[in-house]
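Visitor: Next come a sequence and a model predicted from it.
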Amino acid sequence: MFTEATVLMDLPVERIEIRFGAITLPGDFFCAAADGRRRATVILTGGYDGTVEELYFANGAAALARGYNVLAFDGPGQGRVLTEQRQAIRADWENVVTPIVDYALGRDDVDGERIALIGLSLGAHLAPRAASGEHRLAACVADCGAYDLYAAFLDRLPGPLANPNVLDRRRVRFALAQIVERLAAKPTAGWALRRGMLVHGVDDPLAYVDALHEFTLKDRAPQISCPTWVCSAEGDEISASAPQLVAALTCEKTYVRFTSAEGADDHWEQAARALYHARSFAWLDSRLQPRRATE
């Protein structure tokens, strides 16, 4: 349906497939104008249960209105890469983003000095991870993500189970397995856990928990060199660790906390998206100057 809708848009939309090893990463390229001039470009990366199509609504339309080209894509564990190519998610998002940047740099309508990466939800963890290894990015935006996914899981456990030093003990792991298996069996409450198992390509809940160990920015955040904008939302547990990311950054950084008083306390500010766009793009505009097009 989205593909059919793109035909009706004011400017042509290119459905693209970017080679990534033995698979391809599907994406959409939206031009800010049809004049072929080189422009600032934002790359959009999404979350656990996201698809490339929703990225247009979350950030793409707002970026186009401000004069950016937009390149949205699904990586391993996302969209058609998960459901059709059966590729599980991976922590080393710098390696995923590199061929995306290569593709952007190969286009005549992209200014290679003005490429930014915007991460949404889990993408707000993956985007900083990518920026820690892909240094051709001019800026990075992390919209409501977790600093350390395993630590975030521990924060939700009761009592002694929340201590990482005891999780490897046999009895504790058995108890943990019982808890997560019961949770996974719940029709509604267990949905996120079952989805995580699917995304990570594992068959049991405890294996999913173990897979989260790789998803941390602890040793990666100091390697980010581009200006980075990070936000969290007051009522969002997922982004509660965003200040840890900000503290670990050694690059130019900006942190914004959205509040319930603003109606923006949901995960990725879903009830006040225009406010998020106003603040995040004001910061990005000051660095990438999207209205400036070059030959």
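Guide: That came in fine, so what should we check first?
Visitor: Any stretches of the stretch 101-250 of the chain with poor pLDDT?
Guide: Along the stretch 101-250 of the chain, segments meeting pLDDT under 70 span 157-173.
Visitor: all strands for it, in order.
Guide: 110-120, 139-143, 228-233 (DSSP state E, counting those that start in this stretch).
Visitor: Look at residue 10 and give its secondary structure.
Guide: coil (DSSP: H, G, I helix; E, B strand; the rest coil).
Visitor: what number of residues lie near it?
Guide: Number of residues near residue 10 (other C-beta atoms under 10 Å) recorded here: 7. (Glycine included, C-beta is placed from N, CA and C.)
Visitor: Just want the phi and psi numbers for it.
Guide: Dihedral pair for residue 10: phi -60, psi -40, per degrees, to the nearest 10.
Visitor: got it, and residue 256?
Guide: Torsion angles, degrees, to the nearest 10, at residue 256: phi -130, psi 130.
Visitor: before we move on, what about the one 10 residues further on?
Guide: Here is the backbone geometry of residue 266 (degrees, to the nearest 10): phi -80, psi 160.
Visitor: Can you tell me the closest non-neighbouring residue to it?
Guide: Nearest non-adjacent residue to residue 266, counting by C-beta to C-beta, 6 or more residues apart in numbering: residue 233, 6.0 Å away.
Visitor: mind checking how far the one you found is from residue 122?
Guide: Noted for residue 233: a distance of 15 Å to residue 122, by C-beta to C-beta, to the nearest Å.
Visitor: Then residue 272?
Guide: Counting by C-beta to C-beta, the separation of residue 272 from residue 122 is 20 Å.
Visitor: Quick check: residue 113 touching residue 138?
Guide: Yes: under the criterion of C-beta atoms under 8 Å, residue 113 makes contact with residue 138 at 6.5 Å.
Visitor: Could you check which of these two has the larger neighbour count?
Guide: Higher neighbour count among residue 113 and residue 138: residue 138, with 18 against 11, using other C-beta under 10 Å.
Visitor: Contacts only, for the more buried one.
Guide: 113-116, 226-227, 287-288 (C-beta atoms under 8 Å, 6 or more residues apart in numbering).
Visitor: Same check on residue 114?
Guide: So residue 114 contacts 39-41, 138, 288-290 (C-beta under 8 Å, 6+ apart).
Visitor: Skip the chain neighbours and tell me the closest residue to it.
Guide: Nearest residue to residue 114 in three dimensions, chain neighbours excluded: residue 40, at 3.8 Å (C-beta to C-beta, 6+ apart).
Visitor: Quick check: what element follows the helix or strand hosting the one you found along the chain?
Guide: Using DSSP states H and E, residue 40 sits in strand 39-45. For strand 39-45, the following helix or strand on the C-terminal side (DSSP H and E) is helix 52-55.
Visitor: What would that next one look like as PDB? C-alpha coordinates only.
Guide: The C-alpha coordinates for helix 52-55 follow below in PDB (Å, rounded to 0.1, in the frame of the first residue of the first chain):
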ATOM      1  CA  VAL A  52      11.100   1.300   6.500                       C
ATOM      2  CA  GLU A  53       7.600   2.500   5.500                       C
ATOM      3  CA  GLU A  54       6.800   3.900   9.000                       C
ATOM      4  CA  LEU A  55      10.100   6.000   8.900                       C
END
